[in-house]
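> for reference, the sequence and a predicted model appear below.
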Amino acid sequence: MKFLSAVNWPIIVPSLFLVSIGILVIYSSSTELAIQQFIYTLVGLFLFILISQLDSPSLKKFINPVYIVTLILLITVLILGYETRGSVRWIPLGFFNIQPSEFAKIALLLFLASFWTKNIPTWLNILKSFVWIAPIIFLVFIQPDLGSTLTLMSIWIGMLLVSRISVKKIMILILIAVFIIPSGFLFLKDYQKQRITSFLTPQLDPLGRGYNVIQSTIAVGSGQIMGRGLGRGTQSRLQFLPEFRTDFIFASIAEELGFVGSILILSIYFYLLTFCLRSASKINDNFSFLLTFGVFFMLIFQIFVNIGMNVGIVPITGITLPLISYGGSSLIVTFMVLGLIASVVKRTRRIDKEED
C-alpha cells in the first residue's frame, strides 16, 4: 500500500495509456520491437518512481554530475558511436544503444532551473546561460541531430521566458533571432535543407524530397473517422510510409485508428500538459517552478513538431512522439522528466500538509 501511495497516478495512468497505444502499433508490425519497447517501459517506470521520490535539494546534487556525464557521453558518441543514415547518434552497448542527445535534455532542465534560481535575467546572465549549454547543443548539432538540437533550444528559450525576463528583452531577443536563424540555414547538411524546403512544395519532387510528407498526409487522411483497423494500415504495412514506428508513428495511428484515435491521443497529451501547468501554479519554490515549466516546454515542442510534420504543417526534423514512438532512450528520458514533475508535486503536497 505504501508503494501504491508513492506513485503519482495522475501522471502514470495517462502515460501508460500512451505507451500502450505505441506498443500495440509496433506489435502489429514487429513482435520483437514491441517486446523491446515493453522492456524500455519497465526501465522508464523504475526511473520514474525513483526520481519522483527525490526532493529539490537531492535533485540539485545531481546537476553538476549529470552535466559532466552528458558532455562525456556526447564526446564519446562522436568517437565510438556508429553511423546510421549519415548521423552518429548512438553508443552501442550490445543489448542497448544509448542516445546521449536524449539524456542531454535532463542536463539542460536541471542546469537551467538551478541557474535561473540563482540569477536574474540580465543581458550578461542570458549570455552566460547560453554559453554554459552551448557545448552540449553544439555536440548534438554536429552529430548531426537537428531535431534534438531544436528541442534543447526550446528548453532554453522556454525557461528563459519564465525566468522573470522583461518584455523589452523578449522583443529584442526575437529581433536578434529573426536575423540569426536564416543564417543558421547555411550550416545545415544538404538533406536537412531539403527537408525544410520540401514541406512547402512536396509535389515538385513526389518521389524524392517530398515523398515523406506526401505519404504521411495520405496515411492521416485515409484513416477518416474510425480508421482502417489496427494492423490494417496500407501505408505503413506496405512500407509506403517511412519510419512508421518512430518519426511517423502518429500518421500510422491516424490511418489505423482514425480521427477518433487521433483525438484521444491529443486529449491525453492535453491533460498531461495542463497537469504540468496546474502543478507549476501551486509551487512556491523557484527551482521547482522553473523545472516544471522546462518539462512543459520540452513536451509541447516535441508533440507539436512531431504531429505537425506528420500532417505536413512543419518541416521534417526527426523528433519522436513522446511515450509513443519506438526508441529506448527517448521513452526512458520522457519517463524521467515526468518523474521530475512527480517529484515537484510530491514536495508541494507535503508542504501544503505541513502548513495545514
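Alright, I've got the coordinates. All of these numbers come straight from a predicted model, not from anything done at the bench.
> spatially central residue for the protein, please.
Of all residues in the chain, the one closest to the mean position by CA atoms, centre = their mean is Gln302, 4.6 Å from it.
> which strands and helices lie in contact with the helix or strand where that residue lies?
When elements are defined using DSSP states H and E, Gln302 is found to belong to helix 286-310. In terms of contacts (3 or more CB pairs under 8 Å, 6 or more residues apart in numbering; DSSP states H and E), helix 286-310 is packed against helix 56-61, helix 100-118, helix 146-161, helix 211-222, helix 249-281, helix 328-355. C-beta: built from backbone N, CA, C; applies to glycine.
> gap between the fifth one and the chain center?
Averaging C-alpha coordinates over helix 249-281 and over its chain gives two centres that are 14 Å apart (CA atoms, centre = their mean, to the nearest Å).
> so what angle separates the directions of it and helix 211-222?
On the basis of axes from the mean of the first three to the mean of the last three CA atoms, to 10 degrees, helix 249-281 is oriented at 80 degrees to helix 211-222.
> what residues sit buried inside helix 249-281?
Within helix 249-281, the residues scored as buried using 16 or more other CB atoms under 10 Å are 249-258, 261-262, 265, 268-269, 272-273, 275-276, 279-280.
> report the mean confidence score over that helix.
Taken as a whole, helix 249-281 carries a mean pLDDT of 92.
> I'd guessed Gly312 sits against Val213; true?
Yes: using CB atoms under 8 Å as the test, Gly312 is close enough to Val213 to be in contact (5.1 Å).
> please say which of those two ends up with more neighbours.
Ranked by neighbour count (other CB atoms under 10 Å), Gly312 and Val213 place Val213 first, with 25 against 19.
> list the contacts for the closest residue to that one other than its chain neighbours?
Leaving aside its sequence neighbours, Val213 sits nearest to Pro202 (CB to CB, 6 or more residues apart in numbering; 4.3 Å). Pro202 makes contact with 209-211, 213-214, 312 under the criterion CB atoms under 8 Å, 6 or more residues apart in numbering.
> same question, Leu50
Residues touching Leu50, when contacts are defined by CB under 8 Å, 6+ apart, comprise Gly339.
> is it within a helix or a strand, and which one?
Assessed by DSSP H and E, Leu50 sits inside helix 31-52.
> report the buried residues of that helix.
Burial within helix 31-52, assessed by neighbour count using 16+ other CB under 10 Å, is assigned to 34, 36-37, 40-41, 44-45, 47-49, 51-52.
> repeat that for stretch 63-72.
Buried positions in stretch 63-72, judged by neighbour count with 16+ other CB under 10 Å: 63, 66-67, 70-71.
> ok, so of those residues, who is nearest Ser325?
Within these, proximity to Ser325 (CB to CB) peaks at Thr70, which comes in at 21.6 Å.
> ok, now which ones touch the closest one?
By CB under 8 Å, 6+ apart, the residues touching Thr70 are 100, 103-104, 106-107, 136.
> okay, those residues in JSON lines with distance to Leu152 next?
Compiled in JSON lines, the contacts of Thr70 are given as follows (distance: CB to CB, whole Å):
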{"residue": "Pro100", "distance to Leu152": "12"}
{"residue": "Phe103", "distance to Leu152": "11"}
{"residue": "Ala104", "distance to Leu152": "6"}
{"residue": "Ile106", "distance to Leu152": "11"}
{"residue": "Ala107", "distance to Leu152": "9"}
{"residue": "Ile136", "distance to Leu152": "7"}
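> looking at the residues you listed, which is nearest Gly294?
Distance to Gly294 across the contacts of Thr70 (CB to CB) is lowest for Ile106, with 9.9 Å.
> so the closest one makes contact with Val337?
Yes: the criterion here is CB under 8 Å, and Ile106 meets it with Val337 at 6.5 Å.
> what ranges in the stretch 151-300 of the chain fall below the confidence cut-off?
The stretch 151-300 of the chain contains residues with pLDDT under 70 at 185-187, 189, 191-193, 195-201, 203-208, 238.
> low-confidence regions, the stretch 1-150 of the chain specifically.
Flagging of the stretch 1-150 of the chain using pLDDT under 70 yields the residue ranges 1-6, 85-86.
> now Ser52. Nearest residue, chain neighbours left out?
Nearest one to Ser52, counting by CB to CB, 6+ apart, is Ala342 at 3.5 Å.
> brain fart, Val66
Beyond its immediate neighbours in the sequence, the residue positioned closest to Val66 (CB to CB, 6+ apart) is Ala107, lying 5.0 Å away.
> any idea how far the residue nearest to Ser52 is from Val88?
According to CB to CB, to the nearest Å, Ala342 stands 34 Å off from Val88.
> so which of the two has more stuff around it?
Neighbour totals were compared for Ala342 and Val88, and Ala342 leads with 24 against 17 (other CB under 10 Å).
> my guess is the more buried one meets Asp55, correct?
No: taking CB under 8 Å as the contact criterion, Ala342 and Asp55 are not neighbours in contact, 11.7 Å apart.
> hang on, the earlier thing: next, format the helices and strands packed on helix 286-310 as JSON lines and append distance to Val295.
Supplementary listing: the helices and strands packed on helix 286-310 in JSON lines, determined by distance: least, CB to CB, whole Å:
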{"stretch": "helix 56-61", "distance to Val295": "12"}
{"stretch": "helix 100-118", "distance to Val295": "6"}
{"stretch": "helix 146-161", "distance to Val295": "9"}
{"stretch": "helix 211-222", "distance to Val295": "27"}
{"stretch": "helix 249-281", "distance to Val295": "6"}
{"stretch": "helix 328-355", "distance to Val295": "5"}
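> for Ser236, which of these is the nearest?
Counting by CB to CB, Ser236 lies closest to helix 249-281 out of those; the figure is 4.3 Å.
> I am finished for the moment; much appreciated.
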